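In: Whatever this is, show me its structure:
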Amino acid sequence: MGDFQELIMNTAARIEALIPAEPAAELGRRTERWRRDDFPSGSLVQEALRNVPGLLAERLLGALELGVARLDLTAPRELVAELKPLPDGSAFSYLSSDGQSAMATPMVLVEGVHRGATDLIVRHVRALLPDLTDVTGDEAAIATKRGAAHLAVAVAVSRAVLNALGTPTATDPAAAIGIAIGATAEILPDVPMPPAYAKALLDKRRAEYRSASWYTNAPVFDHEFVLVEELGLTKADFTATGLVSAVDTGFAVRTGIAEGQVPVSVSVLMQAPPLPNTEMWDEIAEISYLAVKGDARLGQGGTPPWPGEFRVRVCATGRDEGDERYELTIWPAPHQDPVLRKTTDRVGHLLRGEPAPPPLSRPERPYWWLEDELEVAATVTIITNIDVDEVVGEFEEDSIAVEIGGDVIVIEVNNYQGSRPEVLERLSRNGKAASHFWNVNALTRLSFAREGQVIDAREVLNEDWADVDPEVGKALEGLRFTDWRHLNAKGITAAVRFTGAVIPEDDVRAAIEELFSSWED
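Out: Predicted coordinates:
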C-alpha cells in the first residue's frame, strides 16, 4: 500500500494542476450531498455523478480528458484481485445510461463489466484523502484547494485501478474521470472543511455584505415582536428603555398591542447612523445586543450574517393609540449602555416605572379614517354656502360630491381640480372653500379661499406658517406639519376647521365605496 500511496500522491499533484479553479471551488464548497433520486439506480458513484450539476461535470471532463488519457499508472494487481470480469456478452442486457453526460455510459459499462470496481475505487480514495490541515488563504482559495486536491486523488486512484483491470472498457479516460467525480461528490460531504475555512468564509461574507433595508409586518405575541436567530428562553426586560431589550441571539421590541401585526421598517448599516428625526416618533431608544451566529431574520430581510456586537436603534410611534409603527436601525458597534433619545408615550413611561404623561392630543385623529380610505393620491375639497349642483360642473366625472347641510364636500381620487386657484375662487364666491391635495410622490397642497379669493395655498411641509390670515392660523392650531405622521389627515382637519363644516363619515364612506365599485365594474 505504501508504494501505491506514493504513486497516487505524486500523480495527484500533476492532475491537480489541470483542474480549473472555478469548478474546483464549486466542488470544494460541498458540505452536503446533492439531492439524490427518489428511485436510485446503479451504484452509489453512478447516482452521485448523476446529481452533480451537468455543466460542472462537463467542465471537469473537458479540463482533464487529455491529461488523463496520457496517465500511465497502474495499481498493483493484488489491489484489484477481487474484481472478476463477467463472461463476454453477459453484462449488457441490463445496462442503461441516462445520457446526461459523456461520462455516464463509460461508467455504466465499467460497473457492468467489472462488478464492484466503483466501490473499490471509493474505498481507496477514502483511504488516501489529502491532508489540508495547513491550507490557508481566502474563501475561494481554500474551497478551490479542497475540491481540486480531493478530485485529483480520486482521478489518480480511478485511473490506476481501471488501468490495472486492463480491458478497453476500463481504460476509457471518460470512465476514470466520471467515476472520480462521482466518488468525490460522494466522499466530500463526510470530510470536514479545512480549519481555516470558517474564518475565510466569515471574511468573505463580511466583504460582500452591503447595507440593506426592507419593510415588513412583524408578528406580535404577548406585547412584543423579536428579531432573533432562534427563539430562546430569556424573558425580555423593558424596564431600562420602555421599548427594547436584548435577548438570546437578538432583541425584543415592546408593542402597545398584545397580539397581531405591526408595520416595521428595517435598515442595516455598516457604520453608525446620524441622529434620528425626533419629530416623527414618540419613543426612541438604543441598546447593544450580541449576535451569536448572525443572519437573524424578520420578514424578507436579515441582519449581517456573522456573529458579534451590534447596536440597534428602535423608533416607535402610536403605541398609546393602536396605530403603531416601528423603525429599526442596526449597525456593528462595541457594547454600550442603553440610550434614550425620546420618551413621550405612556407605555414607555409605565414600563420604566415613571409617572405617565397625559394622553397626547392629536386634533387630526378624527380624520385618520378618511386618509386611509383615500390612500396614496386624492383631493378633499370643502365648500360652504353652495348647492351641490353648482359644484359638480367644476370637477371630473369620477369625483364624488356629498351635500352636508348647506355645504358640500368633494372627493377626487387621483385628481386635483379642487387644488386649482381658479376653481377655488369660483367655488368660494358665496363663502369659503378649502382643499387638501396629495399624491403618490408625497407632494401636497393645502389651500384656503374666501369670498372669491385664494388667501393661502402652500405645500404643507413648509415649516414657516407665520404671518398667515387669522382664520387660516386658527385652522392650523395644534397641527404639527413637521411631524409627517398622518400628514393628510392634518390637511383635511385644517380644511374642516376653516370652513366650519362637519364631514358625515357614514355618507362619505358609502360614496367612496360606490365610486370604487363603479371602477371595478
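
In: contacts and neighbour counts: CA atoms only from here.
Out: Fine.

In: Can you classify E354 by secondary structure?
Out: coil (DSSP: H, G, I helix; E, B strand; the rest coil).

In: try the one 3 residues further on
Out: Secondary structure for P357, judged by three-state DSSP, is coil.

In: Make 20 the first number, not 1, from now on.
Out: All set: I'll call the first residue 20, so the last point we hit is now P376.

In: Isn't it up against D364?
Out: Yes. With contact defined as CA atoms under 8 Å, P376 counts as touching D364 (7.3 Å).

In: ok, the two, which is more surrounded?
Out: Using other CA atoms under 10 Å, the more surrounded residue of P376 and D364 is D364, with 23 against 12.

In: Now that one: phi and psi?
Out: phi -90, psi 160 (degrees, to the nearest 10).

In: And F517, by the same measure?
Out: Torsion angles, degrees, to the nearest 10, at F517: phi -60, psi -40.

In: The one 3 residues further on too?
Out: Torsion angles at A520 (phi, psi; degrees, to the nearest 10) stand at phi -80, psi 160.

In: ok, how many other residues are close to it?
Out: Neighbours of A520 under the rule other CA under 10 Å: 18.

In: Tell me what the closest residue to it other than its chain neighbours is bridged to.
Out: The shortest distance from A520 to any non-neighbouring residue, by CA to CA, 6 or more residues apart in numbering, is to D426 (7.0 Å). Partner residues in beta bridges with D426, using DSSP bridges, are I423.

In: how near is D426 to P489?
Out: Using CA to CA, to the nearest Å, D426 is found at 22 Å from P489.

In: and what of L90?
Out: With CA to CA as the criterion, L90 and P489 are 98 Å apart.

In: Mind checking which of these two has more residues around it?
Out: Using other CA under 10 Å, the more surrounded residue of L90 and P489 is L90, with 16 against 9.

In: Locate the more buried one within the secondary structure: which element?
Out: Following DSSP states H and E, there is no helix or strand that holds L90.

In: Find the nearest non-adjacent residue to it, please.
Out: R178 is the one closest to L90 (CA to CA, 6+ apart), at 7.6 Å.

In: any idea whether the one you found is helix, strand or coil?
Out: Here R178 takes the helix state, with states given by three-state DSSP.

In: Look at it and report its pLDDT.
Out: R178 carries a pLDDT score of 95 in this model.

In: got it, and L347?
Out: 98.

In: mind listing what it touches?
Out: 283-286, 331-334 (CA atoms under 8 Å, 6 or more residues apart in numbering).

In: How about E422?
Out: Contacts for E422 (CA under 8 Å, 6+ apart) come out as 406-407, 428.

In: which of the residues you listed has the most neighbours?
Out: Going by other CA under 10 Å, I428 tops those with 25 neighbours.

In: Now do the SS call for that residue.
Out: strand.

In: Give me the contact list for stretch 458-473.
Out: Residues from elsewhere that reach stretch 458-473, judged by CA under 8 Å, 6+ apart: 395-397, 433, 438, 440, 443-457, 474-479, 491, 510, 514, 517.

In: May I see the buried residues of that stretch?
Out: Within stretch 458-473, the residues that count as buried by 16 or more other CA atoms under 10 Å are 458, 463-473.

In: Tell me where the stretch 420-540 of the chain has helices.
Out: For the stretch 420-540 of the chain, the helices defined by DSSP state H, counting those that start in this stretch cover 440-446, 489-494, 506-518, 524-539.

In: Over to the stretch 70-219 of the chain?
Out: 73-88, 123-132, 136-146, 158-184, 192-206, 216-227.

In: Looking at the ones you listed, spot the one closest to E51.
Out: E51 sits nearest to helix 192-206 of all the helices of the stretch 70-219 of the chain, at 9.1 Å, using CA to CA.

In: export that closest one as CSV, just CAs?
Out: Coordinates of each C-alpha in helix 192-206 appear next as CSV, following Å, rounded to 0.1, in the frame of the first residue of the first chain:
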residue,chain,number,x,y,z
PRO,A,192,-10.4,8.1,-19.8
ALA,A,193,-14.0,9.3,-19.6
ALA,A,194,-14.9,6.4,-17.3
ALA,A,195,-12.0,7.2,-14.9
ILE,A,196,-13.0,10.9,-14.7
GLY,A,197,-16.7,10.2,-14.3
ILE,A,198,-16.0,7.7,-11.5
ALA,A,199,-13.6,10.1,-9.9
ILE,A,200,-16.2,13.0,-9.9
GLY,A,201,-18.9,10.7,-8.6
ALA,A,202,-16.6,9.4,-5.9
THR,A,203,-15.5,12.9,-4.9
ALA,A,204,-19.1,14.1,-4.7
GLU,A,205,-20.0,11.1,-2.5
ILE,A,206,-17.0,11.5,-0.2
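
In: elements contacting that helix?
Out: Packed against helix 192-206 by the contact rule (3 or more CA pairs under 8 Å, 6 or more residues apart in numbering; DSSP states H and E) you find helix 63-69, helix 73-88, helix 123-132, helix 136-146, helix 158-184.

In: Throw these into TSV and include mean neighbour count, thanks.
Out: Listed next are those as TSV, based on neighbours: other CA atoms under 10 Å:
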stretch	mean neighbour count
helix 63-69	23
helix 73-88	16
helix 123-132	23
helix 136-146	20
helix 158-184	26
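
In: mind checking which of these is nearest T190?
Out: Between those, helix 158-184 lies closest to T190; by CA to CA that is 5.5 Å.

In: re earlier: T400 is in contact with the residue nearest to A520, correct?
Out: No. Using CA under 8 Å, D426 is not in contact with T400; the gap is 10.8 Å.

In: neighbour-wise, which of the two wins?
Out: When neighbours are counted by other CA under 10 Å, D426 and T400 differ, and T400 comes out ahead with 28 against 22.

In: residues touching that one, list them.
Out: 428-430, 437-438, 452-455, 514 are the contacts of T400 under CA under 8 Å, 6+ apart.

In: any chance of the residues you listed in JSON lines, plus distance to D157?
Out: Shown next, in JSON lines, are the contacts of T400 (distance: CA to CA, whole Å):
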{"residue": "I428", "distance to D157": "68"}
{"residue": "V429", "distance to D157": "66"}
{"residue": "I430", "distance to D157": "62"}
{"residue": "G437", "distance to D157": "64"}
{"residue": "S438", "distance to D157": "62"}
{"residue": "A452", "distance to D157": "70"}
{"residue": "A453", "distance to D157": "66"}
{"residue": "S454", "distance to D157": "63"}
{"residue": "H455", "distance to D157": "59"}
{"residue": "A514", "distance to D157": "64"}
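
In: quick one: which of these is nearest M122?
Out: Among those, I430 lies closest to M122 (CA to CA), at 71.6 Å.

In: and that closest one, what pLDDT?
Out: You'll see I430 listed with a pLDDT of 95.

In: go on, S380?
Out: S380 is assigned a predicted lDDT (pLDDT) of 81.

In: got it, and V266?
Out: Residue-level pLDDT assigned to V266 equals 96.

In: can you pick the most crowded of the contacts of L347?
Out: Top of the contacts of L347 by neighbour count (other CA under 10 Å): C334, with 27 neighbours.
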